[in-house]
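J.: Okay, here's the prediction I keep looking at, along with the sequence it came from:
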Amino acid sequence: MKSFGGEVLFLDRSDINTDEILPARYLTEISREALGPNLLEDLKLEGFDPKADISGKAVIVTRANFGCGSSREHAPWALEVNGIDLVVGESFARIFRQNMYNCGMMAVELPAQTIDHLFLRFAGKKTTASVDMEKHTIVFSADGASETVSFSISGFDRELVAAGGWLEYADAHY
């Protein structure tokens, strides 16, 4: 099974929609790789510069309702081609969340209090996260301090992740 984790990008805002994740003007691209340079370019967030802040990140920690808006798969694809395969937030738009798992990626929901704590303790620092799928935990670390948080994942979503996404799961099971 693929491992999940790496350096964390904190996006301190709720309701980040799919047009901010990947602007609709790029939906005509015919390869996933072509979507990469445009990730989060329309996101308006004080202190955030997509050209400088995304490189090297593998995890996003955000607030509520991430991925709201249009139900396109292009938004998770743009994350994926940039090396981001884990998004942690209070909640996700239902279709966006399932598109993440269908692509073999993870959208982990944590209580608002836990997300608040992660922002207070780790935002603004060079933070890493590491997922233990067997224990259903994520360890966040920065400046010698760490915090372990538990998460839940459905059996089917776990199988999608283990397979590498819906297509790989379907090939193995049908």
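T.: Looks like it arrived, so ask away. Numbers count the residues shown, from 1 in each chain.
J.: so who does the nearest residue to Val87 once chain neighbours are set aside touch?
T.: In this structure, Val87 finds its nearest non-sequential neighbour in Ile60, 4.6 Å apart by C-beta to C-beta, 6 or more residues apart in numbering. Glycine gets a C-beta too; all of them are placed from N, C-alpha and C. Each residue near Ile60 by C-beta atoms under 8 Å, 6 or more residues apart in numbering is listed here: 8-11, 66, 79, 84, 86-89.
J.: Is there a neighbour count for Tyr174? I'd like the number.
T.: By other C-beta atoms under 10 Å, the residues close to Tyr174 number 5.
J.: for the residue nearest to Val87, helix, strand, or coil?
T.: Classification of Ile60 using DSSP: H, G, I helix; E, B strand; the rest coil returns strand.
J.: repeat for Val149
T.: When classified by three-state DSSP, Val149 comes out as strand.
J.: and Asp157, how many neighbours?
T.: 17.
J.: Just give the closest residue to it, not the sequence neighbours.
T.: Nearest non-adjacent residue to Asp157, counting by C-beta to C-beta, 6+ apart: Tyr101, 4.6 Å away.
J.: helices or strands next to the helix or strand hosting the one you found in the packing?
T.: Counting by DSSP states H and E, the element that carries Tyr101 is helix 94-102. Contacts defined by 3 or more C-beta pairs under 8 Å, 6 or more residues apart in numbering; DSSP states H and E place helix 94-102 against helix 74-81, strand 106-109, helix 155-163.
J.: what does the longest one rub up against?
T.: Yep, that's helix 155-163 we're talking about. Under C-beta under 8 Å, 6+ apart, the answer for helix 155-163 is 1-2, 101-102, 104-106, 133, 153, 166, 169, 172.
J.: List the buried residues for that helix?
T.: For helix 155-163, burial by neighbour count (16 or more other C-beta atoms under 10 Å) applies to 157-158, 160-161, 163.
J.: just to revisit the earlier point, residue contacts, the residue nearest to Asp157?
T.: By C-beta under 8 Å, 6+ apart, the contact list for Tyr101 reads 107, 157, 160-161, 165-166.
J.: for Val8, which residues make a bridge with it?
T.: Under the criterion DSSP bridges, Val8 forms beta bridges with Val59.
J.: Let me see the contact set for it.
T.: Val8 sits next to 57-61, 122, 127-129, 140 when contact means C-beta under 8 Å, 6+ apart.
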